[in-house]
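**Student:** here are the coordinates; sequence isn't available:
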């Protein structure tokens with residue numbers, strides 16, 4: 001029997017109709033049997049404050065426990081002002097602290113940028129590539145995933161409606177599945 005890897009898909013947007021959330025949900029539905037994707041939204045996650053490290057708020061503990069329980073993390077994020085959204089940076093700060101105890105450490109990691117525009121969140125992903133080394137596990141380098149032009153990719157129920165995007169997501173999932181398996185060895 002094949003090993004099943006649990007993956008946290010961390011969504012970098014709070015918007016109810018966020019393309020990042022729609023992509024994360026599509027990935028969860030398309031995932032091969034060896035990957036169990038758990039979509040993690042960041043609603044209700046309070047601001048990081050180092051003063052609270054000794055006695056962290058319950059929402060921090062719950063987030064950290066949820067990430068600790070998986071073997072891989074996939075970040076799916078839009079780009080805000082040529083970077084990642086503040087809510088995602090906040091979650092990374094919460095998960096990576098206290099120093100030396102990052103819940104992301106050692107976990108196979110994937111990065112996906114999303115946008116209704118042409119650039120597909122490339123700047124957000126590049127910033128993640130700058131901050132994650134040292135606090136995460138190995139990051140999948142190829143294929144890179146920048147999903148632009150998402151405005152017509154989903155129907156009014158949030159279901160994936162664009163076959164070319166479905167094919168692209170399936171290709172990525174195949175590469176990510178192999179990456180997660182290789183990192184688990």
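**Tutor:** It's in. Model, not experiment: these values are computed from the prediction.

**Student:** alpha carbons only for contacts and neighbour counts from here, please
**Tutor:** OK.

**Student:** can you pull out the helices in the protein?
**Tutor:** Counting by DSSP state H, one finds helices in the chain at the ranges 19-30, 58-68, 86-96, 122-131, 163-184.

**Student:** Name the stretch among these that sits most buried.
**Tutor:** The highest mean neighbour count among the helices of the chain, using mean count of other CA atoms under 10 Å, belongs to helix 19-30: a mean of 22.

**Student:** Touching, residue 146 and residue 119? I think so.
**Tutor:** Yes. In this structure residue 146 lies within contact range of residue 119 using CA atoms under 8 Å: 7.2 Å.

**Student:** who's more crowded, the two?
**Tutor:** When residue 146 and residue 119 are compared on other CA atoms under 10 Å, the one with more neighbours turns out to be residue 146, at 22 against 15.

**Student:** residues contacting the more buried one?
**Tutor:** 112-114, 119-122 (CA atoms under 8 Å, 6 or more residues apart in numbering).

**Student:** ok so, going back, will you turn the helices of the chain into JSON lines that also has distance to residue 76 and mean pLDDT?
**Tutor:** Conversion of the helices of the chain to JSON lines gives the following (distance: least, CA to CA, whole Å; pLDDT from 0 to 100):
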{"stretch": "helix 19-30", "distance to residue 76": "6", "mean pLDDT": "98"}
{"stretch": "helix 58-68", "distance to residue 76": "15", "mean pLDDT": "98"}
{"stretch": "helix 86-96", "distance to residue 76": "10", "mean pLDDT": "98"}
{"stretch": "helix 122-131", "distance to residue 76": "9", "mean pLDDT": "96"}
{"stretch": "helix 163-184", "distance to residue 76": "12", "mean pLDDT": "96"}
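
**Student:** For residue 3, find the nearest of those.
**Tutor:** For the helices of the chain, the distance to residue 3 is smallest for helix 163-184, at 8.4 Å, taking CA to CA.

**Student:** list the contacts for the residue nearest the centre of the chain?
**Tutor:** Centrality entry for the chain: nearest residue to the mean C-alpha point is residue 75, 1.5 Å, by CA atoms, centre = their mean. Shown in contact with residue 75 (CA under 8 Å, 6+ apart): 9-12, 109-112.

**Student:** Could you rerun that using 7 Å?
**Tutor:** Taking CA atoms under 7 Å, 6 or more residues apart in numbering, we find residue 75 in contact with 9-11, 110-112.

**Student:** one step back: for residue 138, which of the helices of the chain is the nearest?
**Tutor:** In this view, the helices of the chain are compared for proximity to residue 138 by CA to CA, and helix 163-184 is the closest at 7.6 Å.
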